[in-house]
Each structure stands twice: as C-alpha cells, then as structure tokens.
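In: curious how this folds, go ahead:
(2 chains)
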Amino acid sequence: MKQEKAFVKEITPQSKDFSRWYIDAIKKADLMDYTSVRGCIVFKPDGYELWERIQAAMDQRFKDTGHRNAYFPMLIPESFFQKEKEHVEGFNPELPWVTEAGGEKLEERLALRPTSETTIGQMYSQWIQSYRDLPVLINQWANVFRWEKRTMPFLRTSEFLWQEGHTAHATEEEARQETMQMLEIYREVVEQELAIPVWKGKKTPRERFAGAVDTYSIEAMMKDGKAVQAGTSHYLGENFAKGFDIKFLDRDNQLKYVHTTSWGTSTRLIGSMIMVHGDDRGLVLPPRVAPTQVVMIPVGPAKLREKVMEQFDPLFDALKAAGIRVRADLREETPGWKFNEWEMRGVPIRLEIGPRDVDKNQAILARRDTGEKVAVVLDGAVQSVKDLLDEIQQNMFQKALAFREQHSHLGIETLEDLKEHIANKENEQGIPGWVLAGWCGEDSCELKVKEETKFTTRNIPFAPPATKSTCLACGGEAQDTVWFARSY
RNA sequence: CGGGGUGUGGCUCAGCUUGGCAGAGCACCUGCUUUGGGAGCAGGGGGUCGCAGGUUCAAAUCCUGUCACCCCGACCA
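Out: I've put the predicted structure just below:
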C-alpha cells in the first residue's frame, strides 16, 4: 500500500508495539470483548463466526475420515487425574475446581476440564471389550479451562473453545497412523483455509504433552517472528490405557491394552490468523473464512444515488445467489469512513459503485490484501469477484510463506551466533524470527538455549529445509534438526 | 505468581500533586447542508469517577484493601 497515511489512528502500528497492535486490531474489528471474569472473553459474532468456519472445515474432514462427534462432561472428579502421573503433574497448577454444590461441600472436588483424556479414558474402559469394538474414533467440540497466569485474547485465555479427538486402537501402528493422519488434516485446514504456512514436526520430550509418548505439532510464524503451535496430535501409547484399564481381547485371545491418540486445535487459530495476516490498518481475513467476503458500498452524490442503486441492488442479489458472503453498507456515513471501517474488519473485497461506474457499466473492486483497485464490467462482476477471492486466498498464503522464508535463519550454528543474531536484529529494530539448528538430544542443551535466549524448540520438522550436524548449545553431534524460536 | 503501569459518559483521555458544582474530543440523538478515502453547522441526551471500606463539614482527588486490564519476567493450546 503506497499512500500509507495512517488513516486509522486508533490502531497502534505493528512496528511500534505488536501486542498493542493486536489488541487494537481485534477490538476495532469487533471480534471480542473482555468480561468481568479474569481471562475470559466474549466471542462476538464476527469472532465466533470465524470459529464456526474453522470448525466446519475441520469437522467435515474429521467425518470424512470416519470420526464421529460426542460430548463428555465438563466436570472431572479429582481421582481421575491421579491415574496418569505425568498428566496430573502437568495440569494441576492450572485447574479451576468446583468444591461446593447445592449449598453443600462436595465429597470429592471436581475440576473444570483442561482436556478430556481422563474422562474419556474412563468411559472407553467400559465401552471396549473386544478387538471388534476397535477402533473408537471420537471427537468432541467443547470449552476447556486452563487458569493461565498471563492471558491474551484468543491466543491464551482461561476458558477457550477447541476440538479434541480421542481414539483407541488395537495396535501401535494403527494409532501412530491416526496421529499422523490428523496432523496432516490440521496442516491442510490451516494452510488452505487460513492461508497460514506451517511446519509439521515432532516435539522434543520437554515440550511434549503431559502423558504422551510422542507429541507432534504444526508451527506457524507470526508477523513479529514469534511462533504459535497451531495444532497438536499425540500418540499416547498405552499410558492412558494402563491408567484407566482400557483392555480388549484380541483375535489371539490375549488381553491387551489399547493404544490411544488425542489431537486438538483451538480458537487460538483465530489469533494466529490475525497475527499472520494483519497489517497497520487492521485485520486481513482469508476469503475462505471471512464472515463477510465482499462489502458493497455505493458512492457519489446523494442525488444520483437512485441511478446507482438500479445497478447496485441486482448485483448484490446476484453475488448472494452465487453463494458469496456479501454485505451492502447503505448507512449514512461518508464512503471514506466506510472504507476504513471495513478495512479494519479485514473484509477481503470492497466493491464500489458510483455514477461514473454506472455510466461505464462497471464496478470497482478493491482488494484488502494489496490495496489494489480494479474496474470490472458489471455483466461479469460475479465471476470477477469469485476469481479475485481465490486469488486473494492464494496471495495471502504466498505472502505469509515469503515472510516466513525471510525470517527463517538456516546458517546459525552456535549459541554465540544465535545471541549475536538476536542482538543485531534488536539493534536494527528487526525481528529475530526462527532459527533452524542442530540439537544433540540433551534436555540440558535445550534448557540452556532457552535460558540464554528465550528461544525454545518448536519442533523437529519432518522435512527440514536443511540438515544440521552439530548441536546449537554444546557443539556435539546433532541428533535432530530443530526449529528454535520465541513463542506464544 | 513477582516487577511496572492504567482504571473517570459507548471510545480515547484531562482533572488527582495542593479535597470544594464531574470535563474535553470522538461516538450517539434531532434538523439542514453534504457524500469517489474517517464531512460541516446548529441544537440535544448520557457518567453513583473499577469495587469495598476509612479519614473529612465535604473525596474522582487523601488512606487501606480488593478486582480487572496492559507491559516485562517464570508456566502453558
């Protein structure tokens, strides 16, 4: 955008204070509001609709791969947590408890679920008897609670909405396949619908889910260079099966533990999408999930409005009939005001029609991602809009990909190099981004990097852009090539 | 949870140091003129000053407590 004249004074520029920008942008876009409960937000209609669209895209794919939705209770008895040692240790600090009900103290206190492995494990132990009962492929759309010390709208709140899949299988191989299949679905939805490029990979043991054998993730880079874990998929092995006694009689008449998986994505995807695509004017929404894809605004003198509306109204109907999420802004405000308003909200295309356009049998399409305006003939406007929506979706992904490449550093071999890199970037007001480096596999090396640079291991990518042979921290032989970054 | 900051009409904030009628801009309502990148004039409505105590003749202002939000750290999707 060339004529960058700070039209929107209410939004702090990204370069000045990224967190401030984020809060300003989501408030101006009317996605959420704070409530009187700490860390809990309202998802206002536009914010919630983003979630509904993500939900729809995911849900379709879950069902296509044989999963079904179910719903389990939000309250979990304390004793359930004790059954998996790592799990209880991992979640205990952030559980809210119900200790009283009906005016009486409860005999056993109940936690507001942070995730449902325990409740579901308990049920699976009753449902599964034979290999004929397997696999169990269930997903749940729910709210969960994690009393985090520091909250941030969408990205980290005390209560959030998510999806958690829980499956049980007869063999490790099948469970591992499921884990990978779901990770791939996450990649597909996030890249295709949200236009966010991600790295699929495996988490290091330190970053693993409490109670998992292996945790995998997709990781995305925000515009401030920090990382967000956009989805996770866990192979839980027999850990929960043993804790909850989930056994089945196999074909060979042997009693065996099932192998379970779990996988989740949350409303944090909304925050990621905003931080990946947004700019100083506010949100930039990918067309596939944008609540409003096209906003139509009539322009020109009021006395000529009637003539404009003769073209405007049929075009609105035609767009709507074509399945495009179109909205007409006929309010009394000036056009300039409306332009800014819808740009803040991130609507992909603005369609303007004024008297001059009517004379030329055309409409103006202004795209949010580039700021570019083009004139299209009225007759073919519906197709032009469809094509442009596709193009914007593609362009947004490509832009995000290019940004990620630009801020991914492959040539940093030692901790000293990394510190120097960070110092340099900070001096020039740049962002340190991500660093691909070797890791020997030692916990202590990972911790050392974290303590000295705040960079943590994001994941061990399945298809790294390069392979490293020495450990970033100790210089010893590298066991893995890992993405290091600061993260949300 | 530690350090720092902020809570005053819907929003952004001034007023607080030195207690004395609760303000401005934007937004909102009415009317007229306007409308191709945040229009103008005129009139109007709206606030128990985050909450709870205390000091005082009198508290947005002073004291104590508490809650929320923001920023920076330790924990996390």
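In: secondary structure class for residue A:53?
Out: Secondary structure, DSSP: H, G, I helix; E, B strand; the rest coil: residue A:53 is helix.
In: and it, what is it in contact with?
Out: By CB atoms under 8 Å, 6 or more residues apart in numbering, the contact list for residue A:53 reads A:193, A:288-289, A:291. Glycine gets a C-beta too; all of them are placed from N, C-alpha and C.
In: neighbour-wise, which one of these leads?
Out: residue A:289 (23 neighbours; other CB atoms under 10 Å).
In: quick check: that one touching residue A:190?
Out: No. The pair residue A:289 and residue A:190 fails to qualify as a contact (CB atoms under 8 Å) at a distance of 10.8 Å.
In: that older thread, nearest to residue A:19 among the contacts of residue A:53?
Out: residue A:289 (23.3 Å; CB to CB).
In: need the pLDDT of the closest residue in space to that closest one that isn't next to it in sequence.
Out: Spatially, and ignoring its direct neighbours in sequence, residue A:289 is nearest to residue A:53 (4.1 Å; CB to CB, 6 or more residues apart in numbering). Note on residue A:53: pLDDT of 97.
In: could you dump the contacts of residue A:53 into CSV with distance to residue A:175, pLDDT and secondary structure added?
Out: Below are those laid out as CSV (distance: CB to CB, whole Å; pLDDT from 0 to 100; DSSP: H, G, I helix; E, B strand; the rest coil):
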residue, distance to residue A:175, pLDDT, secondary structure
A:193, 27, 98, coil
A:288, 31, 98, coil
A:289, 31, 97, coil
A:291, 37, 96, coil
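In: and the furthest pair within these?
Out: Checking the contacts of residue A:53 with CB to CB, the most distant pair is A:193 and A:291, at 13.5 Å.
In: which positions in the stretch 201-350 of chain A make contact with RNA strand B?
Out: A:209, A:217, A:228-229, A:232, A:264, A:266-268, A:281, A:299-302, A:305, A:332-337, A:339-341, A:343-344, A:350 (CB under 7 Å from any atom of the strand).
In: which residue is the nearest non-sequential neighbour of residue A:381?
Out: Counting by CB to CB, 6+ apart, the residue nearest residue A:381 is residue A:363, at 5.3 Å.
In: average pLDDT across the host helix or strand of the one you found?
Out: In this structure, residue A:363 sits in strand A:362-367 according to DSSP states H and E. Rounded to a whole number, the mean pLDDT of strand A:362-367 is 98.
In: and it, what does it pack against?
Out: strand A:349-353, strand A:373-377, helix A:381-406 (3 or more CB pairs under 8 Å, 6 or more residues apart in numbering; DSSP states H and E).
In: and it, which strands flank it?
Out: Here strand A:362-367 is paired, per DSSP bridges, with strand A:349-353 (antiparallel), strand A:373-377 (antiparallel).
In: picking up where we left off before, quick one, what contacts the residue nearest to residue A:381?
Out: A:311, A:315, A:351-353, A:357, A:375-376, A:378, A:381.
In: returning to what we had before: from the residues of the stretch 201-350 of chain A next to RNA strand B, which ones fall inside helices?
Out: Judged by DSSP state H, the subset of these located in helices is A:268, A:305, A:335-337, A:339-341, A:343-344.
In: could I get those as a markdown table with neighbour count and pLDDT?
Out: Below are those laid out as a markdown table (neighbours: other CB atoms under 10 Å; pLDDT from 0 to 100):
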| residue | neighbour count | pLDDT |
| --- | --- | --- |
| A:268 | 21 | 94 |
| A:305 | 16 | 94 |
| A:335 | 15 | 94 |
| A:336 | 10 | 92 |
| A:337 | 13 | 93 |
| A:339 | 20 | 94 |
| A:340 | 17 | 93 |
| A:341 | 20 | 92 |
| A:343 | 24 | 94 |
| A:344 | 22 | 93 |
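In: what's the most distant pair in those?
Out: Longest span within these, CB to CB: A:268 and A:305, 43.9 Å.
In: spatially nearest residue to the closest residue to RNA strand B within the stretch 151-300 of chain A (excluding sequence neighbours)?
Out: Relative to RNA strand B, the nearest point of the stretch 151-300 of chain A is residue A:229 (3.2 Å; CB to the nearest atom of the strand). In space, and not counting its chain neighbours, residue A:229 is closest to residue A:217: 4.9 Å by CB to CB, 6+ apart.
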